[in-house]
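Peer 1: can you look at this prediction? I've put the sequence above it.
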Amino acid sequence: MSNVPDLAGLRVLVVEDEMMVSMLIEDMLGDLGCTVVGPASRLDEAIALANASELDCAVLDVNLGGQPIFPLADILRARGAPFAFATGYGDAGLRDVDKGSLVLQKPFRETDLARILGELRAAAGV
Amino acid sequence: MHMVGARERGDETALVTIEDLSARLAMAENALAEESRRADLLNRIAAAIGAGSDLSEVVQTVVDGGVELTGAQFGAFFYNLVDADGESYTLYTLSGAPRSAFADFPMPRNTAVFAPTFSGAGLVRSDDITKDPRYGHNAPHHGMPTGHLPVRSYLAAPVVSGSGEVLGGLFFGHAQTGMFTPRLEPLLHGLSAQAAVAIDNVRLGEAARRDLQQRRRVEAALAESESRFRMIANTLPTLCWEADLEGRVTWRNQRWHDYVGVESYLPGAFWYDVDDAQARVEAQGRWREAQATGGPLELVLPLRGRDGVARPFLTRVEAARDAVTDEIVRWMGVNLDIAAETAAHERLQFALQAGRLGSWELDVETRDYTASDLCKANYGRRPDETFGFHDLVAAVHDEDRDRMRAAIEHAIATGADYDIEYRAIHPSGDVRWVHARGRVAEKADHGGVRRMAGVSLDITERKRAEERQRLLLNELNHRVKNTLATVQSIASQTLRSAADTRAFRDAFESRLLALSQTHNLLTDANWEAASLHAILVMELSPHAGGRQGGGGRFVLESDRDIRLNPKAAVALGMALHELATNAVKYGALSTPSGRVLVRSRVSGADLVLEWIEQGGPTVVRPSRRGFGGRLLEQGLAGELAGRVVLTYDPAGLSCRMQLPMRALEPTE
């Protein structure tokens, strides 16, 4: 685990509508020493949470029970908060504007999440 | 009269004395006899000329008569032929000398001596031509060539036709001087005039004869041409015929007889007399139009062959006109058997219809676009609506139009096949997918594409199916990936709470099986929904006997079943599995007397699902929240936006789930 970046205290917003996956990410983030913001499973809940909380970055499920996450992505981008998409679609389900974003392909390993979070943290300048 | 006579003859009768009366009388009688003889001769000549029809015969008579009349030793007639050099005289006939006498000499030329004759100026008479001032001036001979017939006395007269044309000249000669008296001059005038008339007559006659011959040749050629036409017509593989102005057939070629059979038609039948009454009426109508306009007519006529089969014949009828008056003299017709083409065309049409294929043609230069009814239908147009190339381009969806234009221009420029799918906007606003294909149908003279032909097909259904399939594949991929992530999560959490490998394996397999069974229920319903009751039965029935066996350990109270969307079904399935497993291991179902009451009811906008355990061992709150507790209170509540409360009542565990219906029901 020597090359795992130091992610302690990183505040990560988790938006994921599958409860099992959400719990998994929570566990992984806990293992990595991050602080979980959420998790949220619905868009309105997630936006409210994002607006009300201090956060460094976010891991976003692309599709929340048929509802796209993009409005939240736009808000985060406007705020300068870096984020990664976690999706089973690859980047096929993404908008053109989001094509360059970091993507976590489900299922992913804890090290994959750590690597992505390292990049997000670097982008966030935390 | 004497005075006149004496004066006239003064030069020649110088020796005659007034006293020599008898001599004078005898001379007068001689002269009279001579005049009479000459008059007779002239008459004979005239009669001979009049009777003659052969030019050489007439001219010979004239020259012979002239020699006799003038007392010349020889006479000749030369034709006046003006050639490119302006002079040429051809010996026509001779009298009093063999033709060989002139054979070695060139023809007389336009010399000073001959000029007055051949130009038609007048008569030349000389007692001695060699003394004539006009004689001997012309090179190279300067007079008669050596060896020429000896000529001293010379008399020549032009022969001039009624139209003023100089036909030639009559020439008479004598070896002695003074042989031709002035009295001969009027006679010679008369002779030459008669000769001219005779030659004119003969020429006219010959012209008439030539005309007649020409006409006979033309008639013969006509007959030859007619017979050749018949021969060709009879060997033609098409039926052809001639009809009179009313349309009655007057002649038919061999092929017609072979096909229809001689016995099958009546004399005087019209060309449009066919069995098919409707076709006959239609042909008759078209025939009336053609008669009125004189224009050609073309139609398809069913002709019954001697084998009894009626076949379609492309029939063309055209007027034959008089070359001079341009009036219609008869009508010519051709019937071409197009049964094979018609059958092929019908097969093609059937194939196009069956395949819902529209067909089209495009004239590359004029952009004249012809679309079949089906092709028009592919663009939402009725058969009677016009649909040109510009309409086609305009009908293509804005986003596809440039691509379509580029494809067709590329095909035109390179001769490559045209093969494209694009969206077409129907006038109704419907958007349909059209697959158009085409290729070069005709090359232009300059080598480029002259005409393109192709087909069009409405592929909207296929496109929708493809789109559905694409979405389905994406959805499947998404679902599989999410399921794998779920399994990963189950494994991870099971591992965190498992005491040992064996416990992990049992718990993991059991949870995996529960997930799989929920998936089965969803698959049965096309992954659209699963019934709450079905999930309850599925999860609870394996434990109905509890650990010690025996049914009836579960009591289900439900006001009604509800349909759950896939997410809710999976979540509730897993939650119920955890509750049941826990009850069997540690709760009410772990003792012989315990039981579980499951109550389900819809209250307002929520489903209230209660799990109440009774009769089991005394419940103690666990020191830390396990997988089941976390899943229920956090996972399920979070995912389904509801409230889940676990109560560790010492008399029995209970769980109350209040879940909003909108999070549970399928989004139809």
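Peer 2: Yep, it's here.
Peer 1: B:Glu365 against B:Gly448, yeah?
Peer 2: No. Contact between B:Glu365 and B:Gly448 fails when scored by CB atoms under 8 Å: they sit 9.0 Å apart. Backbone N, C-alpha and C define where each C-beta goes, glycine included.
Peer 1: identify the residues contacting the residue nearest to B:Pro566 when sequence neighbours are not counted.
Peer 2: Leaving aside its sequence neighbours, B:Pro566 sits nearest to B:Leu522 (CB to CB, 6 or more residues apart in numbering or on different chains; 5.2 Å). Shown in contact with B:Leu522 (CB atoms under 8 Å, 6 or more residues apart in numbering or on different chains): B:528-530, B:566, B:569-570.
Peer 1: can you name the two of those residues that are farthest apart?
Peer 2: B:Glu528 and B:Val570 (13.4 Å; CB to CB).
Peer 1: of the two, who's got more company?
Peer 2: Shown here are B:Glu528 and B:Val570; by other CB atoms under 10 Å in any protein chain shown, B:Val570 has more neighbours (26 against 12).
Peer 1: right, and the helix or strand after the host helix or strand of that one?
Peer 2: Per DSSP states H and E: B:Val570 is located in helix B:566-585. Proceeding N to C from helix B:566-585, the next assigned helix or strand is strand B:595-603, under DSSP H and E.
Peer 1: B:Arg356 against B:Leu374, yeah?
Peer 2: Yes. Judged on CB under 8 Å, B:Arg356 makes contact with B:Leu374 at a distance of 6.5 Å.
Peer 1: what does chain B put close to chain A?
Peer 2: With the criterion set to CB under 8 Å from any CB of the partner chain, chain B comes near chain A through B:474, B:477-482, B:484-490, B:492-493, B:496, B:567, B:571, B:574, B:630-631, B:634-636, B:638-639, B:641, B:667.
Peer 1: buried members of those residues into PyMOL, please.
Peer 2: To isolate the buried ones among these in PyMOL, judged by 16 or more other CB atoms under 10 Å in any protein chain shown, type:
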select buried, chain B and resi 478+481+482+485+486+487+488+489+490+492+493+567+571+574+630+631+634+635+636+638+639+641
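Peer 1: if I pick B:Gly530, what's in contact with it?
Peer 2: Check again: residue B:530 is Ala, not Gly. B:518, B:521-522, B:524, B:563-564, B:566, B:569.
Peer 1: report the beta-bridge partners for it.
Peer 2: Residues in a beta bridge with B:Ala530, per DSSP bridges, are B:Leu564.
Peer 1: quickly note the distance from it to B:Pro182.
Peer 2: The gap separating B:Ala530 from B:Pro182 is 153 Å, by CB to CB, to the nearest Å.
Peer 1: which residues touch the residue of chain A found nearest chain B?
Peer 2: Closest residue of chain A to chain B, CB to the nearest CB: A:Gly88 (2.8 Å). The contact partners of A:Gly88, taken as CB under 8 Å, 6+ apart, are A:105-106, B:477-482, B:485.
Peer 1: can the helix or strand bottoming out on mean pLDDT in chain A be found next to chain B?
Peer 2: When the helices and strands of chain A are scored by mean pLDDT, DSSP states H and E, strand A:63-64 comes last with a mean of 84. Yes. Contact of strand A:63-64 with chain B (CB under 8 Å from any CB) involves A:Asn63.
Peer 1: may I have the strands that pair with the next helix or strand after that strand, each with its orientation?
Peer 2: The helix or strand immediately downstream of strand A:63-64 is strand A:67-68, counting by DSSP H and E. Strand A:67-68 has the following sheet partners, assigned by DSSP bridges: strand A:63-64 (antiparallel).
Peer 1: what residues does the partner strand touch?
Peer 2: So strand A:63-64 is contacted by A:15, A:17, A:41-43, A:46, A:69, A:87, A:89, A:93, B:478 (CB under 8 Å, 6+ apart).
Peer 1: likewise for stretch B:474-481?
Peer 2: A:63, A:87-89, A:92-93, A:105-107, B:527.
Peer 1: swap in 10 Å and give it another go.
Peer 2: With contact meaning CB atoms under 10 Å, 6 or more residues apart in numbering or on different chains, stretch B:474-481 is reached by A:21, A:62-63, A:86-90, A:92-93, A:105-108, B:519, B:522, B:527, B:566.
Peer 1: just how off-centre is the helix holding B:Val570 within its chain?
Peer 2: 77 Å (CA atoms, centre = their mean, to the nearest Å).
Peer 1: just stretch B:353-365 next, same as before
Peer 2: 16 Å.
Peer 1: buried ones in that stretch?
Peer 2: B:357-362, B:364.
Peer 1: with stretch B:186-194 instead?
Peer 2: Within stretch B:186-194, judged by 16+ other CB under 10 Å, the buried ones are B:187-188, B:191-192, B:194.
Peer 1: any idea how chain B splits into domains?
Peer 2: Here the domain parsing of chain B from automatic domain parsing is B:25-136+B:143-206, B:236-342, B:355-458, B:501-664.
Peer 1: in the chain, where is pLDDT below threshold?
Peer 2: Just so you know, I chose chain A. When residues are selected by pLDDT under 70, those of chain A lie in A:1-5, A:90-91, A:126.
Peer 1: chain B, not that one
Peer 2: Judged by pLDDT under 70, the stretches of chain B that qualify are B:1-20, B:52-53, B:81-89, B:91, B:102-110, B:262-265, B:545-551, B:668.
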